[in-house]
Every structure is written in C-alpha cells, then in structure tokens.
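Chemist: Give me coordinates for this.
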Amino acid sequence: MKKAEMGRLGISPDEDSSSFSSNSDFSFSYPAKQAALKSHYADVDPENQNFLLESNLGKKKYETDFHPGTTSFGMSVFNLSNAIVGSGILGLSYAMANTGIALFIILLTFVSIFSLYSVHLLLKTANEGGSLLYEQLGYKAFGLVGKLAASGSITMQNIGAMSSYLFIVKYELPLVIQALMNIEDTTGSWYLNGDYLVLLVSLVLILPLSLLRNLGYLGYTSGLSLLCMMFFLIVVICKKFQIPCPVEVALIINETINSTFTQPAGFAHGVAFNMTEESCRPRYFIFNSQTVYAVPILTFSFVCHPAILPIYEELKGRSRRRMMSVSKISFFAMFLMYLLAALFGYLTFYEHVESELLHTYSAVMGTDILLLIVRLAVLMAVTLTVPVVIFPIRSSMTHLLCSAKGFSWWRHSLVTVSILAFTNLLVIFVPTIRDIFGFIGASAAAMLIFILPSAFYVKLVKKEPMKSVQKIGAVLFLLSGIVVMTGSMALIVLDWVHNAHEGGH
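Modeler: Here you go, the predicted structure:
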C-alpha cells in the first residue's frame, strides 16, 4: 500500500512492520529511524529542506540520504480528493435541510477554508518539527500526551468512518435484497432486518478479511469509493428532474425493515409524508434543533489531515507551495462535489430528507434500477473498505499496549473481534447515522482540523515570535476550534437528552 493511503488511514510507520507481507500492494518499507522528509530539490521554498533524519542532524546536507517524491501532481490531487470524500457526503442534504441553502453554503465555505488553513499550518509545522508523522509531531510538541491526542483522534475518526460504512449496510442492504428477490410482504423476514444483516455481513465477509495479515487488493477500494461517490452525485442530479414535487409518498420503509432500531430518522412510525406545495419551496435560513448537526457533519466530511503529510512525502518536485496547490485544487473539487450533492438532494425532498440521502429515495421511487446499481456499488465499496479501516485501529492499539511483544495470532484475532464487535454495537444501538456524523465530527474531526494543527504550530514553529501575525492567527484558530468542539458537543448532548426525555413520555 502506498504511504499516502497509509496516512489517510492513520497508520504510522513506527508500527509493527511484521503485520505486512512483502509481496503485497499493502506492504511498505519504512526506515527504522523516525524519518522526516528530505528533498534534493533546491527550489524557491527553502523550508522543504528542513526535513533531515534525526540521526543525521549533525551532518551536512550533502551527507544525508535524500528521498525524492515519485507521485505526479495530478495523482496527488486524486489521492487527496480520495482522502477527503467519504460517507459524509450522504449526510450533506440532511444538513442543508436543517440550515437552509444560504446558511449551508456559508458554513461549507468556512469549513473548507478553515480545513485548507489547517493544512497550511500542518505543512509548516512538519517542516519545522522535522517529521511527517502526525503522532510524532504530537510527541515532539507535547510529549506522550500529544502523541496520545493525535493517535486517539485518528482512531476515533476511523471508528466513526467504519460505523458510517456499516450504517450504510444496515440501511441499504435490506432494500437491495427486497428488490432483487422481488419481495412485497416483508413482515417477520429476518433477512430484511438491518441489524441482523449488519451482524451477518460482519461475520461472513468483514471479519475473515480483517483477520488477514495481508490485505492486498483491498487497497484499491479507496479509488472505487471515490468513483462510487461520483456516480452517486450524477444519479442525485438526474433524479431531481425525475421526481415531481409535490407528491404523496406512502411509507413503505416501516414494513420493509422490521426493526425499531433501523427505523430511519425523519419518518414517523407508520405515517406517510406529503410533499405539499408549501413544503416544495426552498428555504435559505433555517434554525431548529437539528441545525446543531450541520457543522459536525461538514467537519466530518472534510477530514483528510492524516493523509496530508504522506501525500506530501510522495509528491514529485516536492515543496510546500506545490503541496498547497494540490490541496487547493482538491478542496475546491470536493467543495463543488459536496455543494452539488447537498443542493440537488435537498431540492428533491426538501424538509423530508433523511440523515442518509440514498434511503430517502426508497419511499418515493420504490425499486428503481439505477438506484439499485448505485446501492450495490456503494455497498460493495463500503464493505471492502471496513477491513482497511480496522487495520490502523488494530495497529495503533497493539502498538500502544504490546509494542515490545512480537506478533501473536490470538492477540491479533482478539483485538480485531473486539473492534468489530464494538462498532456493531454502535451501529445497532445508535438510532441514526446522523448521530455518528455529529459526535465524531464534533470531537475527532474538530481535533484533527482545528485544534491539533494549530497547537502543534504554536509549539514547534520557533522562528516566528508569539506576537507575529502567523502565531496570533494560529492561536485564534485554536480557540475557535475549542469553541466549535465544546459548543457542538454540548448542543448535541442536549438534543439527545431532549429526545430521550420526549421518548420516555
């Protein structure tokens, strides 16, 4: 597996390399030394010359071993775009339905700009800190606490991503089975229960693949995931012009999935919704109890920061300015993709959009061949991606708890089963994918975008005084991240408490 892909998943080079086969696309070979990037390109960006192996800091530049990048500019843009896009795109229409078009565009713009600014901070910090590992930068800045904060945030983000993938299996697989088997009467059918299907898929497909020490071809699913999301966007745009508004929609979902846990948010039990003339008018500013989920969903959708440094390391003609150009193009492309997906999804269903957009189409269109193809493609991509996401979580846990011990199959299996069991419990008992997007976006994503890059920058970049514009900007960015995280978490918890209180009556 390429280093860029490893970084996207949060895999650190200092982890147990014995977990990888040397004959696999997933294999890699890192220096034993905690290396930072070194470049032989004497370009206009002198900061990119600061990357020297720690063991070679006392040597002159020409005595060090250089590691030129080999990935082209275009492929780096593809890799970073692929690191940004994910299951979060399925929740953006729901965010727009609870903010309005204008407020959503404002929030999307600010989150994308802030994410790009944090990339700028991260690249400068890496140059000064002399490391291309997120965890290592944390260790250099704040010792073990910093390393644990970076590792914990990346692990939480990966667990959130894995949960969102399994939520898609829980929502979509019953509908696919129903369409393929042409089933109308679904009462009491266990194989159309989303909870049972998640457990079955986890045991039959995901667990055997996750237990492998060599994941091999699964590294290619990241590219497949990006293609699936582009296909999803095209279908969302097309369906906007096929689905009329207003339209009366009979609730078939409650019969399709016979489980209270799989009942999607936004639909009352056993009640049809009517898209009236009034509800078919777009709104530009909306404030309600669900608006608090908008910023966490957006931050969840833009997290790519563990991938930034590995992609930088592999960039051909490497310089910080060149990497920022890669970042700007990737973020702008994903900004457009996210905006179009959210806008056309919202303008199709307006206030009736669910927290997982694909599921909303079932109530309107039933079994549609194009939607069926989209569902199959997305299901295949997310099912094969879950083992890839499990890998860095397992490696991180093993490294923290048993770093001095050699590889053990029983420990390898126990950690894998524990991670998968915990994630399945989340997917079964957490009511909606919105809660996963909200909680992870408000916590781990906020840490990776706002707090950690700015904190590392303030601590490690010594050449700029604290009163400089750059340092003041980083401090303000850090404070804004703390406000966003604590504010969003508080509002989300209050919404959970309110819903639990209402549900008890």
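
Chemist: Neighbours of Leu452, how many?
Modeler: The local packing of Leu452 (other C-beta atoms under 10 Å) involves 28 other residues. All C-beta spots, glycine's among them, are computed from the backbone N, C-alpha and C.

Chemist: for Leu460, that is, sorry about that
Modeler: The number of residues packed near Leu460 is 19, by other C-beta under 10 Å.

Chemist: That one contacts Tyr139, doesn't it?
Modeler: No. With contact defined as C-beta atoms under 8 Å, Leu460 does not reach Tyr139; the gap is 10.9 Å.

Chemist: any shared contact partners between those two?
Modeler: With C-beta atoms under 8 Å, 6 or more residues apart in numbering applied, the contact sets of Leu460 and Tyr139 do not overlap.

Chemist: residue ranges with poor pLDDT in the stretch 101-250 of the chain?
Modeler: 184-188, 214-222, 246-250 (pLDDT under 70).

Chemist: And the helices in it?
Modeler: Taking DSSP state H, counting those that start in this stretch, the helices of the stretch 101-250 of the chain run over residues 101-129, 134-181, 194-201, 207-211, 221-240.

Chemist: just those: most buried one?
Modeler: Most buried of the helices of the stretch 101-250 of the chain by mean neighbour count (mean count of other C-beta atoms under 10 Å) is helix 134-181; its value is a mean of 22.

Chemist: how far off helix 194-201 does that helix point, in degrees?
Modeler: 110 degrees (axes from the mean of the first three to the mean of the last three C-alpha atoms, to 10 degrees).

Chemist: The stretch 201-350 of the chain: strands as residue ranges?
Modeler: 247-249, 273-275 (DSSP state E, counting those that start in this stretch).

Chemist: Quick check: the residue nearest to Asn424 when sequence neighbours are not counted vs Val382, distance?
Modeler: Using C-beta to C-beta, 6 or more residues apart in numbering and skipping the chain neighbours, the partner closest in space to Asn424 is Ser202 (5.6 Å). Distance of Ser202 to Val382, computed by C-beta to C-beta, to the nearest Å: 12 Å.

Chemist: Identify the contacts common to those two.
Modeler: In contact with both Ser202 and Val382: Leu166, using C-beta under 8 Å, 6+ apart.

Chemist: more neighbours, those two?
Modeler: Val382 (26 against 21).

Chemist: That one contacts Ser87, doesn't it?
Modeler: Yes. Here Val382 lies in contact with Ser87, judged by C-beta under 8 Å, at a distance of 6.9 Å.

Chemist: Pull the contacting residues for the nearest residue to Phe302 once chain neighbours are set aside.
Modeler: Computed as C-beta to C-beta, 6+ apart, the closest residue to Phe302 that is not its neighbour in sequence is Ser115, at 4.5 Å. Contacts for Ser115 were tallied using C-beta under 8 Å, 6+ apart; they are 299, 302-305, 331, 449.

Chemist: can you tell me which two in those are farthest apart?
Modeler: Greatest spacing in these, by C-beta to C-beta: Thr299 and Phe331 (13.3 Å).

Chemist: more neighbours, the two?
Modeler: For Thr299 and Phe331, the more surrounded residue by other C-beta under 10 Å is Thr299, and the numbers stand at 30 against 20.

Chemist: Surely the more buried one and Ile449 touch.
Modeler: Yes. Counting by C-beta under 8 Å, Thr299 touches Ile449, with 5.8 Å between them.

Chemist: From Phe439, how far out is Leu460?
Modeler: Leu460 sits 30 Å away from Phe439, going by C-beta to C-beta.

Chemist: so what's Lys239 up against?
Modeler: Under the criterion of C-beta under 8 Å, 6+ apart, the neighbours of Lys239 are 344, 348, 361, 365, 371.

Chemist: Same check on Val374?
Modeler: Neighbours of Val374 in contact, by C-beta under 8 Å, 6+ apart: 228, 231-232, 235, 358.

Chemist: now Ser153
Modeler: If a contact means C-beta under 8 Å, 6+ apart, then Ser153 has 443-444, 447-448, 452 as its contacts.

Chemist: now these as a markdown table including secondary structure, pLDDT and distance to Leu476?
Modeler: Listed next are the contacts of Ser153 as a markdown table, based on DSSP: H, G, I helix; E, B strand; the rest coil; pLDDT from 0 to 100; distance: C-beta to C-beta, whole Å:
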| residue | secondary structure | pLDDT | distance to Leu476 |
| --- | --- | --- | --- |
| Ser443 | helix | 90 | 21 |
| Ala444 | helix | 89 | 22 |
| Met447 | helix | 93 | 17 |
| Leu448 | helix | 90 | 18 |
| Leu452 | helix | 93 | 16 |
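
Chemist: closest to His412 among those?
Modeler: Out of the contacts of Ser153, the member with the shortest distance to His412 (by C-beta to C-beta) is Ala444, at 24.7 Å.

Chemist: wait, doesn't the closest one sit right on Met156?
Modeler: Yes. Here Ala444 reaches Met156: they are 3.7 Å apart, a contact under C-beta under 8 Å.

Chemist: quick one on the thing from earlier: out of the contacts of Ser153, which one sits closest to Ile105?
Modeler: Leu448 (23.4 Å).

Chemist: The nearest residue to that closest one once chain neighbours are set aside: how many residues sit nearby?
Modeler: Nearest residue to Leu448, sequence neighbours excluded (C-beta to C-beta, 6+ apart): His305, at 4.7 Å. When neighbours are counted by other C-beta under 10 Å, His305 registers 28.

Chemist: Please apply the same query to the one 10 residues further on.
Modeler: By the other C-beta under 10 Å criterion, the neighbourhood of Leu315 contains 27 residues.

Chemist: Tell me the spatial nearest neighbour of it, not counting adjacent residues.
Modeler: That would be Gly69: by C-beta to C-beta, 6+ apart, it lies 4.5 Å from Leu315.

Chemist: Next one: the one you found from Ile329, what distance?
Modeler: 17 Å.

Chemist: Cheers, nothing more for now.
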